[in-house]
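J.: need a 3D model of the following:
(2 chains)
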2 protein chains.
Amino acid sequence: MNTGDRVRVSRAGEETEGVVLPSSSPETLVLKLDSGYNVGISREDADVTVVESDVYELEREESDTGSVSEVDFDDDLPTISLISTGGTIASTVDYRTGAVTAQFDAEDVLRAVPDLAGRANYRGRVVANILSENMEPSIWQDLARAVHDEIEAGADGVVVMHGTDTMQYSASALAFMLDTPVPVVFTGSQRSADRPSSDNVMNAVCSVEAAKSDAAEVMVCMHASESDDRCALHRGTRVRKNHTSRRDAFETVGADPLGYVEYETETVEFTRETAERGGVELDIAPAIEEDVALVKFTPNMDPGFLDLCEGKAGVVIEGTGLGHVHSDLVGRIDDLTSDGTAVVMTSQCLEGRVCDRVYDTGRDLLDAGIIEGEDTLPGTAKVKLMWVLANASEESVDEAFRTPVAGELTDRSTPWQ
Amino acid sequence: MNTGDRVRVSRAGEETEGVVLPSSSPETLVLKLDSGYNVGISREDADVTVVESDVYELEREESDTGSVSEVDFDDDLPTISLISTGGTIASTVDYRTGAVTAQFDAEDVLRAVPDLAGRANYRGRVVANILSENMEPSIWQDLARAVHDEIEAGADGVVVMHGTDTMQYSASALAFMLDTPVPVVFTGSQRSADRPSSDNVMNAVCSVEAAKSDAAEVMVCMHASESDDRCALHRGTRVRKNHTSRRDAFETVGADPLGYVEYETETVEFTRETAERGGVELDIAPAIEEDVALVKFTPNMDPGFLDLCEGKAGVVIEGTGLGHVHSDLVGRIDDLTSDGTAVVMTSQCLEGRVCDRVYDTGRDLLDAGIIEGEDTLPGTAKVKLMWVLANASEESVDEAFRTPVAGELTDRSTPWQ
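T.: Numbers count the residues shown, from 1 in each chain, chains lettered A, B, ... in the order given. Modelled structure (predicted):
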């Protein structure tokens, strides 16, 4: 019995039939049921019969680089590149610690999701194998270069498998670094593959369908609801993980998603305007300034957090409401900007627009030299400031920050909307 | 012509009738129309006729303390105490700067909202006159004492007028500091009184109705939608300003509001369980530890922010997803807790529950001595930690933090929900 075999398992009077998925536990058999759910069964006293060998015909050629792999090529199908960075979607239960650690490369993910077969020709590449809380700007750069190279090599779309915890930051980074003529779709999993409620199969399948679409955007593709009916496609710079554990944790902030992928019918529909496939030439600007901090203002904030920013290239402040901080901090912010630190003001409200022209505090902050983050999300603002500081001249940082690059900042309508 | 008079204004061929509201500009007349909206009219070339004097009969007795004021007493009505801390609801346009600054006391607010007449007997008190970004823990204490004293003096409910930017923090502080047998209702305004779309009248009216209800909770009462149809009542420890400028900016995170106040019918309906009027004895525990910081984790976070927390009484970390930070920071957190600093982990997802038992990083953080914030919102967690550190013994901080006080932390169901 091998991964990919259809088996019938009898245990404790119950019969279960499904396809064998990878499991790192010798004591547990993980089966994909025809319902789409995965189930873990103890091997102890289990009677296993192979019904059909290698049902998805996923025999792979070994690549000579060891990091790029391809399955059988079909001229009639588009080519999608799967890039793995680690996270739950590329992980399985690690019985050594009793918890989940990342341990698959892209080939394994493909094997773990047999439903991907027949939808595209796949290329696989591993850029990192980390839990996403350990994501670093240098890996954003590696990832951007890998996506660039895959598109240059002919990929019609790219799926990036990423841990959910910092996916929004990485998606923003790639949205700024890349001019992409094809879809770049981030996806992940909120429940690991060995759980019956795992979202990894549907998210992977929908991501591949989105990567075949005509929206040349950096997007996040995750469950749209708690049902297994469709995934939402979120613009990378406007998405946020808004729930710790739900499968539909990701939401577009302050707007509808760009579109949806119906799981059953495999249709991809966009309800908002997107960049078009082939609309821009492939290009990459991966430079990034690492010396940028994010400081969240709360009542009673220690001014020392701003003192610590002395000499930094940039600071993003997550202010209150329309973008305010305690009046006592305005002088310190003035000192920072006078010293050459770029200070961007955003709002912890998340929705709406920073508007510092209405109240005294706001106008004092403008006088102190802050850059208004407009409707850019605080986390996205940090990534953008890192990118702007490395790619714009010193005197054009303000203008560059306030110029929309990838939907992270929209035109000002009225400040009250 | 005085504030409170009904007037008819002819200007540039247009006739407008309404009640005169306070205006700090000698050039502008602010009228409350019968539709409920307020409108500003230039006095230049305006022809004004008084139709009825002092229509709301708001003549007040002068109080001898200067900070407590009452209008005519009606035995058949409950007594509601209005406490002002400043903010847009207690402000008008300041033409000196061209922007809005706080300048009313509670009496002026009552006069500015004639619709409050006849609903209750009112007591008025000014605790502060600040923009809410300048709110300080010492004012939370003053406010808690003022609310306590008003209830002790016989108030059947309290309405706190507060700037919207930090309302959620102040509401949390009072929820922890007070055992209240009557409703304590925070309200504010997203649009100042001189704007046609001002929400100050409806919010004030609904807050008074909520303060007359039987829910003895610290609540926030603000517009439930962009229409002028009803206000939502949010539990103070679970509410968040989620939009910079919309009138329905406030939302209960991860749950429905406690209830609603219908503006037209004046009915207050609770759809969730609340503490009951008279259910507890009035009590106050206003002590607070000011030396507590909130640090938000983002990729590439400067570890110096944690170094700065050395010696602090407490730190709340706004981690990723289930409550994680970069593995490199775990050792620093261990140093902090070993040094006696209480470190609480929360999630920037806002919705859902911090669960550090699933992944390696989380279990390392537990080993490092963090307190899991469970489903407590990060800002609320900071306020609670400040309060717990001042009111619990050193060895019981963990247990005290994880004990629900005012709905800020709910029982664990499954970590995946």
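J.: just the helices in the stretch 201-350 of chain A please.
T.: A:304-307, A:330-338 (DSSP state H, counting those that start in this stretch).
J.: as a markdown table, these with mean neighbour count, distance to B:Thr49 and mean pLDDT would be great.
T.: Glycine gets a C-beta too; all of them are placed from N, C-alpha and C. Shown next, in a markdown table, are the helices of the stretch 201-350 of chain A (neighbours: other CB atoms under 10 Å in any protein chain shown; distance: least, CB to CB, whole Å; pLDDT from 0 to 100):
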| stretch | mean neighbour count | distance to B:Thr49 | mean pLDDT |
| --- | --- | --- | --- |
| helix A:304-307 | 18 | 56 | 98 |
| helix A:330-338 | 17 | 47 | 97 |
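J.: and of those helices, who's closest to chain B?
T.: helix A:304-307 (5.3 Å; CB to the nearest CB).
J.: ok, stretch A:329-347 near chain B or not?
T.: Yes. Interface with chain B: stretch A:329-347 contributes A:Ser347 (CB under 8 Å from any CB of the partner chain).
J.: and that stretch, C-alpha only, in PDB?
T.: Extracted as PDB, the C-alpha positions of stretch A:329-347 are listed here (Å, rounded to 0.1, in the frame of the first residue of the first chain):
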ATOM      1  CA  LEU A 329       3.800  62.500  21.200                       C
ATOM      2  CA  VAL A 330       3.600  65.000  18.400                       C
ATOM      3  CA  GLY A 331       6.900  66.700  19.200                       C
ATOM      4  CA  ARG A 332       8.700  63.400  19.300                       C
ATOM      5  CA  ILE A 333       7.300  62.600  15.800                       C
ATOM      6  CA  ASP A 334       8.500  66.000  14.600                       C
ATOM      7  CA  ASP A 335      12.000  65.100  15.900                       C
ATOM      8  CA  LEU A 336      11.900  61.800  14.000                       C
ATOM      9  CA  THR A 337      10.900  63.400  10.600                       C
ATOM     10  CA  SER A 338      13.400  66.200  11.100                       C
ATOM     11  CA  ASP A 339      16.000  63.600  11.500                       C
ATOM     12  CA  GLY A 340      15.100  62.000   8.200                       C
ATOM     13  CA  THR A 341      12.800  59.100   9.400                       C
ATOM     14  CA  ALA A 342       9.800  58.700   7.200                       C
ATOM     15  CA  VAL A 343       6.700  58.500   9.500                       C
ATOM     16  CA  VAL A 344       3.500  57.100   8.000                       C
ATOM     17  CA  MET A 345       0.200  57.400  10.000                       C
ATOM     18  CA  THR A 346      -2.500  54.700   9.600                       C
ATOM     19  CA  SER A 347      -5.600  53.900  11.600                       C
END
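J.: how many other residues sit next to A:Glu27?
T.: Residues near A:Glu27, counting by other CB atoms under 10 Å in any protein chain shown, number 11.
J.: just A:Glu290 next, same as before
T.: 13.
J.: wouldn't it be in contact with B:Pro299 here?
T.: No. The pair A:Glu290 / B:Pro299 is not scored as a contact, 10.1 Å apart, by CB atoms under 8 Å.
J.: which neighbours do these two share?
T.: A:Pro137 (CB atoms under 8 Å, 6 or more residues apart in numbering or on different chains).
J.: would you mind naming what in the stretch 301-417 of chain A lies close to chain B?
T.: Counting by CB under 8 Å from any CB, the stretch 301-417 of chain A sits next to chain B at A:301-302, A:304-305, A:308, A:312, A:318-328, A:347-355, A:357-363, A:379, A:382, A:386, A:415-417.
J.: if I've got this straight, A:Asp149 is in a helix?
T.: Yes. When DSSP: H, G, I helix; E, B strand; the rest coil is applied, A:Asp149 is found to be in a helix.
J.: quick one, what contacts it?
T.: A:Asp149 neighbours (CB under 8 Å, 6+ apart): none.
J.: the closest residue to chain B within the stretch 1-150 of chain A: how many residues sit nearby?
T.: Here the stretch 1-150 of chain A gets closest to chain B at one residue, A:Glu133, 4.0 Å apart by CB to the nearest CB. Using other CB under 10 Å, A:Glu133 has 24 other residues around it.
J.: now do the same contact list for it.
T.: A:163, A:165-166, B:297, B:319-321, B:324-327, B:361.
J.: and it, helix, strand or coil?
T.: Classified using three-state DSSP, A:Glu133 is helix.
J.: and it, how far is that from B:Asp165?
T.: 30 Å (CB to CB, to the nearest Å).
J.: what do you get for A:Arg145?
T.: For A:Arg145 relative to B:Asp165 (CB to CB), the value is 42 Å.
J.: so between those two, which is more surrounded?
T.: Counted by other CB under 10 Å, A:Arg145 and B:Asp165 do not tie: B:Asp165 has more neighbours, with 31 against 15.
J.: thinking again about what came up before, show me which of the contacts of A:Glu133 is closest to B:Leu178.
T.: B:Gly319 (29.8 Å; CB to CB).
J.: chain A versus that closest one, what's the distance?
T.: 8 Å (CB to the nearest CB, to the nearest Å).
J.: contact partners for that residue?
T.: Going by CB under 8 Å, 6+ apart, the list of residues near B:Gly319 reads A:133, B:297, B:325, B:345-348, B:354.
J.: check A:Phe73 too.
T.: A:Asn121.
J.: I'd say A:Arg11 and A:Val39 touch.
T.: No. Using CB under 8 Å, A:Arg11 is not in contact with A:Val39; the gap is 11.3 Å.
J.: how far off centre is the strand or helix carrying A:Arg123?
T.: Following DSSP states H and E, one finds A:Arg123 within strand A:121-126. Distance, stretch centre to chain centre, for strand A:121-126: 17 Å (CA atoms, centre = their mean, to the nearest Å).
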